[in-house]
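Chemist: Please work out how this folds:
(one chain, ligands or ions: 4)
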Amino acid sequence: MPQANDRAAALLDEYADLTVMTGGDPFRARVYTRAAKAVAGYPRDVSELTPTALQQIPGVGKSIAAKLAEITVSGSFAELDELRADIPDGVRQLTRIPALGPRRALQLYRELGISSPEQLGAAIEAGHLDNLRGFGAKSAEKLLRGLDLLASAGGRVLLNVAAQTAGTVIAAVGAATGCLRIAPAGSLRRAAESVGDVDVLAAAADSAPLMAALTAMPEAADVIAAGPTKTSVRTGTGLQVDLRVVPLDCWGAALQYFTGSQQHNVRIRELAVRQRLKLSEYGLFEVESGERIVSRTEEAVYARLGLAWIPPVLREDTGEVEAARRGELPVLVEETDIRGDLHTHTNLTDGAASLTEMVAAASARGYEYYAITDHAPNLVMQRMTDEKMLMQRDQVRELATLIASEPNATATAVASPAARPMVLLHGTELNIAPDGSVDWPPDFLAGFDVCVASVHSHFDLPRREMTRRFLAACENPYVNVIGHPLTRKIGRRPPVDVDLPELFRACARTGTALEINAHPARLDLPSAHLRAARDAGVKFAIDSDAHATAELDNMQYGVATAQRGWLTADDVITAWPLPRLRQFLRKRE
Ligand code: DGT
Ligand code: CA
Ligand code: CA
Ligand code: ZN
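Modeler: Ligands and ions are numbered 1, 2, ... in the order given. Predicted structure coming up:
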């Protein structure tokens, strides 16, 4: 996705936040939030579009198009600059604290002069919030928890942000004279759920042109360290990039070393020592003679240690070394195994694209089946009604007929390069109420092909009630998938408190799948819980939860999360052929 789009989207978002904070029209703010999402997900570079072309972006009218044009020219727009002048930047930082909305952030600023997360922490400790209207003891406690979460997220970024930065670096450095090989390493290569800094490894005889290419990048705002083997820069948004350059004959050993994790490397090195070998980023050496045995490929390094090559997603020292020694590594689910997506939205609720646009984009991915699952009525702000849902169902059925009769239709709304027509499923994303009930009665639910059910409110229920709530949802014969089960947002919202073993047992017993939500801010169910769930008999739906056509690509992060949980294609219902999936969806029989 073009970087100009992300920058423009961030500014529109900031404008929406500041509008709400200054008591402006919340509807106007929502228009900007929606446009920001659409811009971020738009496949073409907004800085290269004419005002007319900009208005083709969903949710972008004349006035927002003008602002986007202004952003391209000046890096900002006048109305935003005006609002910025009223509110210190730190106050907007406050809104990044989970549990603190824009209005209450402004209240803290106006009434107590608090203009940064640090000042907020100090004010809570000093008891300054105790007598503030609308802030009870409970909310002070929540705010402290939110501050902790913000701090522990530290400077870490989400996987997609790291991947994008790595992509830009690899394009620039890879084009430098003498670059023989280049690849991401570190936590990004392992697809960890957040990334502290981006590690890139390159091979070249002379590193100078590669290092120069890195420091010359417009994104390299600061050069932290510059040397012949390692150069580190920081981007404008504060993300560090470490570039290491090694001779080609050390490539495999260096890639193994810099991929980590550190705990995995410690384990591997112990194994080497026991074989009177020494492993470093330069190669695997015989201790006695000092002779280098292997270093060119990772496969050779692992093989010489008596191990099968271990996929980077498994290198966390959670049993992978032992499994590799015994030849018992799992055959991990791959992105090419994925046959469909069971959780996606359109602009009927909070998506940025129309039904036909989403279906066309899904079809272009070659899916065998695809479910549209817009929000259900109890999420009030989405304004869903029975009528709207039924009307959408008619549209879905019509579109399905069209695809079936014209699988290669290009003149019509759906462009499908797939030889086989994609099957459309009509579904919904239900809301699990605190008592475990969902939006509609059984007879209405029976009309859907698939139901995802998610927690979207009352995140703070005590464990016993939360567990009962999930169990009731599992018992509902129409609920097929529990969406983003822990409802955490990485670095922003903690997971709900639920008895996981009990939830897993209920899912297995009732034939309810747990989602692996692929959105990089969610990655939920988190990989750390997947093995326990699988061992309890749970099946998983890897879903994009796409709210824009470009977000269908997030599937890769869901697959990586599943891999980090050691899952195979058989564990994943969205990797199953349609007949097997349909049977699973008929849980009530
Ligand atoms: P991050 O950046 O916090 O998301 O996590 P990593 O795993 O990318 O960590 P990073 O960037 O500090 O180092 C990249 C890899 O390099 C790490 O996974 C293993 C290797 N490495 C770096 N320093 C050491 C070290 O002191 N000892 C060992 N065994 N390995 C290291
Ligand atoms: Ca790193
Ligand atoms: Ca690093
Ligand atoms: Zn949801």
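
Chemist: Name the residues of the chain found near ligand 1, please.
Modeler: Within reach of ligand 1 by C-beta under 6 Å from any ligand atom, the chain has these residues: 186-187, 192, 195-197, 199, 257-258, 260-262, 265-266. Where C-beta positions appear, they are placed from N, C-alpha and C, glycine not excepted.

Chemist: For stretch 240-253, the averaged confidence score.
Modeler: Stretch 240-253 comes out with an average pLDDT of 96.

Chemist: Do I have it right that residue 31 meets residue 60?
Modeler: No. Assessed by C-beta atoms under 8 Å, residue 31 is found out of contact with residue 60, at 9.7 Å.

Chemist: which of the residues of the chain next to ligand 1 has the most neighbours?
Modeler: residue 195 (27 neighbours; other C-beta atoms under 10 Å).

Chemist: Quick check: closest non-adjacent residue to that residue.
Modeler: residue 162 (3.8 Å; C-beta to C-beta, 6 or more residues apart in numbering).

Chemist: That neighbour: how many residues sit nearby?
Modeler: 26.

Chemist: Any residue of whichever strand or helix holds it touching ligand 2?
Modeler: Element membership for residue 162, per DSSP states H and E: helix 159-174. No. Applying C-beta under 5 Å from the ion, one finds helix 159-174 separated from ligand 2 by no less than 8.5 Å.

Chemist: Would you mark the buried spots in whatever helix or strand comes next after that helix?
Modeler: Counting by DSSP H and E, the element after helix 159-174 in chain order, helix or strand, is strand 181-185. Within strand 181-185, the residues that count as buried by 16 or more other C-beta atoms under 10 Å are 182-185.

Chemist: Likewise for stretch 393-408?
Modeler: Here stretch 393-408 shows 393, 395-396, 399-400, 402-403, 407 as buried, counting by 16+ other C-beta under 10 Å.

Chemist: Contact partners for the closest residue to ligand 2 within the stretch 251-400 of the chain?
Modeler: For the stretch 251-400 of the chain, the residue closest to ligand 2 is residue 260, as judged by C-beta to the ion, at 7.7 Å. By C-beta atoms under 8 Å, 6 or more residues apart in numbering, the contact set of residue 260 is 185-187, 190, 315.

Chemist: Make JSON lines from these and add distance to ligand 3 and pLDDT to it.
Modeler: Shown next, in JSON lines, are those (distance: C-beta to the ion, whole Å; pLDDT from 0 to 100):
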{"residue": "185", "distance to ligand 3": "8", "pLDDT": "98"}
{"residue": "186", "distance to ligand 3": "5", "pLDDT": "98"}
{"residue": "187", "distance to ligand 3": "8", "pLDDT": "98"}
{"residue": "190", "distance to ligand 3": "12", "pLDDT": "98"}
{"residue": "315", "distance to ligand 3": "15", "pLDDT": "98"}
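
Chemist: what ranges of the chain fall below the confidence cut-off?
Modeler: Along the chain, segments meeting pLDDT under 70 span 1-2, 98, 151-154, 406-419, 588-589.

Chemist: Near ligand 2, which residues of it are found?
Modeler: 186-187, 197, 199.

Chemist: what's the closest of the residues you listed to residue 175?
Modeler: For the residues of the chain next to ligand 2, the residue nearest residue 175 by C-beta to C-beta is residue 199; the value is 19.3 Å.

Chemist: does that closest one sit in a helix, a strand or a coil?
Modeler: Following DSSP: H, G, I helix; E, B strand; the rest coil, residue 199 is assigned to strand.

Chemist: What separation do you get for it and ligand 3?
Modeler: Distance of residue 199 to ligand 3, computed by C-beta to the ion, to the nearest Å: 5 Å.

Chemist: So for that residue, what's the nearest residue that isn't a sequence neighbour?
Modeler: That would be residue 186: by C-beta to C-beta, 6+ apart, it lies 3.2 Å from residue 199.

Chemist: Please flag which of the buried residues of stretch 393-408 sit within helices.
Modeler: 393, 395-396, 399-400, 402-403 (DSSP state H).

Chemist: and the gap between the residue positioned nearest the centre of the chain and ligand 3?
Modeler: Note on the chain: the residue nearest the mean C-alpha position is residue 520, at 0.7 Å, using C-alpha atoms, centre = their mean. To ligand 3, residue 520 is 20 Å away according to C-beta to the ion.

Chemist: That residue and residue 557 touch, don't they?
Modeler: Yes. Counting by C-beta under 8 Å, residue 520 touches residue 557, with 5.0 Å between them.

Chemist: what touches both of these two?
Modeler: Contacts common to residue 520 and residue 557, judged by C-beta under 8 Å, 6+ apart, are 159-160.

Chemist: Strands along the stretch 251-400 of the chain, start to end?
Modeler: With DSSP state E, counting those that start in this stretch, the ranges of strands along the stretch 251-400 of the chain come out as 277-280, 283-286, 292-294, 340-341, 369-375.

Chemist: ok, the third one: who's next to it in the sheet?
Modeler: The one in question is strand 292-294. strand 283-286 (antiparallel) (DSSP bridges).

Chemist: which ones are touching the residue nearest to residue 217 when sequence neighbours are not counted?
Modeler: With sequence-adjacent residues excluded and distances taken as C-beta to C-beta, 6+ apart, residue 217 is closest to residue 172, at 5.2 Å. Neighbour list for residue 172: 213-214, 216-217 [criterion: C-beta under 8 Å, 6+ apart].

Chemist: Need the three-state assignment for residue 242.
Modeler: Going by three-state DSSP: residue 242 is strand.

Chemist: So what sits opposite it in the bridge?
Modeler: residue 199, residue 232.

Chemist: Taking this structure, what residue is nearest to ligand 1?
Modeler: Closest to ligand 1 within the chain is residue 260: 1.8 Å, counting by C-beta to the nearest ligand atom.

Chemist: what are the phi and psi values for that residue?
Modeler: Note on residue 260: its backbone torsions stand at phi 70, psi -150 [degrees, to the nearest 10].

Chemist: Would you mind listing what in this protein touches ligand 3?
Modeler: So the chain meets ligand 3 at 197, 199, 242 (C-beta under 5 Å from the ion).
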